[in-house]
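Participant: Here is my input; please provide its structure:
(4 chains)
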2 protein chains.
Amino acid sequence: MRNAEFDREKVLRCAMTAFMDKGYGKTSMQDLKAATGLHPGSIYCAFENKRGLLLAALEQYRLDRSIEFAAFFADERPALMQLKAYIDDLVQQCLSCDSSQACLLTKALNEMAEQDAEVQQIIANNLAAWQQALTQVFERAKSQGELTSGRDCEHLARYLAMGIYGLRTFAHTHPNAETLQALADQLYHDICA
Amino acid sequence: MRNAEFDREKVLRCAMTAFMDKGYGKTSMQDLKAATGLHPGSIYCAFENKRGLLLAALEQYRLDRSIEFAAFFADERPALMQLKAYIDDLVQQCLSCDSSQACLLTKALNEMAEQDAEVQQIIANNLAAWQQALTQVFERAKSQGELTSGRDCEHLARYLAMGIYGLRTFAHTHPNAETLQALADQLYHDICA
DNA sequence: GAATATCTTGAACGAACATTCAAAATACAA
DNA sequence: TTGTATTTTGAATGTTCGTTCAAGATATTC
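Facilitator: Next comes the predicted model:
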């Protein structure tokens, strides 16, 4: 007998950032070995292959982001105020220079769309769950009188998701704090006013 | 003496679609040979290497899209009506299943950002030129009284660009005509109303 | 029509890749 | 401590990649 070896969560988060830095295709097993500290054999033993490591990393990413999201909307402030803080934090993420500026889901979606149907489905499901969580935020805002009752919360959530996708892409070419904040402010205004 | 046999523009457009289908990294020289009909030696003779072919394809893409853009805004209709037609056409592009649903610039930007500074700069310049063209559309709209004089045309162009980036990413997961059109309609409304 | 300059062809190359596997290391049970 | 089951290790494997280059093909020139 022999006990379990490495810290699975830590390994997955290292793999995550490696994939976000270089993309899935350009991240070699050597890169993953360097990033995770695991030798190829161990990776294959634990995750079957490189693609399996990506799938596990995507799942860990979903978990981490889910917890992070919940934390933003856990307090008792008005829903739209929480949303404003969430959006402003995204702007700050976009401004950072490390790999956290990327979103593993959209990065992998852009890279593997039309190439790996299963991965695409997993990513689409994760993004759909995120949009549903945004929908619930809007519904809470509506029930608290922050939004007029006529608004379509699902549509609002889709529009916000679209804006955030666009903001991230925009940030790749114009990592300018004022410009990004102005775009985020108008996005918030167009949705909530 | 002897002239080159192939049609450079046609070759570059074939390379374009190959890159848009698979991404730059996953498009092999064999794929490019199949797509363009050129043997490896000819490609290297004409474009130096695979990266040179990408650079040439990016330039051709810029040219093609520039002409396409001008055609949308060439007639005598009000600028905002032309813009509406332009956005609606983008929605139709997003709904198509072939590689034209992608934008070579954003696809390459997502794949190579932080990896190839020169390519990133070229793409950023192209996207900046596109935004400037959008700015001029808004300025024309303003001078024709379609927009109130207080609006910041550069900001409007950036916001529209952000929305279009987001719409394209969104389309990867929800290729649904009504949903995409509703998002595009609100984007147009938020900008022009 | 011969000479020549250029392009086309595709086999060959080393490098880098994901993956495998047998040997070495190690922790637990006895 | 000894035996054993499991993990860790990293060199070896076969494949695929971008790239090269010398031989063959062909248009142009004289």
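Participant: residues contacting the residue nearest the centre of chain A?
Facilitator: What sits nearest the mean C-alpha location of chain A, by C-alpha atoms, centre = their mean, is residue A:103, with 4.5 Å. Contact analysis of residue A:103 by C-beta atoms under 8 Å, 6 or more residues apart in numbering or on different chains lists residue A:168. (C-beta placed from N, C-alpha, C; glycine too.)
Participant: same deal with residue A:32?
Facilitator: Residue A:32 neighbours (C-beta under 8 Å, 6+ apart): A:15, A:18, A:38, A:43, A:50, A:53.
Participant: Relative to DNA strand D, which of these is nearest.
Facilitator: Nearest to DNA strand D out of the contacts of residue A:32 is residue A:38 (C-beta to the nearest atom of the strand; 6.3 Å).
Participant: Name the helix or strand for that closest one, please.
Facilitator: Residue A:38 belongs to no helix or strand when assigned by DSSP states H and E.
Participant: Phi and psi next, for it.
Facilitator: Backbone torsions for residue A:38, taken as degrees, to the nearest 10, come to phi -90, psi 140.
Participant: For chain B, give me its nearest residue in chain A.
Facilitator: Chain B sits closest to residue A:166 of chain A, with a gap of 3.0 Å, by C-beta to the nearest C-beta.
Participant: Show the model's pLDDT score for that residue.
Facilitator: pLDDT for residue A:166: 98.
Participant: That one contacts residue B:167, correct?
Facilitator: Yes. Applying C-beta atoms under 8 Å, one finds residue A:166 in contact with residue B:167, separated by 7.5 Å.
Participant: Who has more neighbours out of the two?
Facilitator: Counted by other C-beta atoms under 10 Å in any protein chain shown, residue A:166 and residue B:167 do not tie: residue A:166 has more neighbours, with 26 against 22.
Participant: Okay, buried residues for the host helix or strand of that one please.
Facilitator: Using DSSP H and E, residue A:166 maps to helix A:153-173. Buried residues in helix A:153-173, counted by 16 or more other C-beta atoms under 10 Å in any protein chain shown: A:153, A:155-173.
Participant: What residues of the next helix-or-strand element following that helix count as buried?
Facilitator: Counting by DSSP H and E, the element after helix A:153-173 in chain order, helix or strand, is helix A:177-192. Within helix A:177-192, the residues that count as buried by 16+ other C-beta under 10 Å are A:179-184, A:186-188, A:190-192.
Participant: can you give me the angle helix A:177-192 makes with helix B:153-173?
Facilitator: Orientation check (axes from the mean of the first three to the mean of the last three C-alpha atoms, to 10 degrees): helix A:177-192 against helix B:153-173 gives 70 degrees.
Participant: can you tell if helix A:177-192 touches chain B?
Facilitator: Yes. Interface with chain B: helix A:177-192 contributes A:179, A:182-183, A:186-187, A:190 (C-beta under 8 Å from any C-beta of the partner chain).
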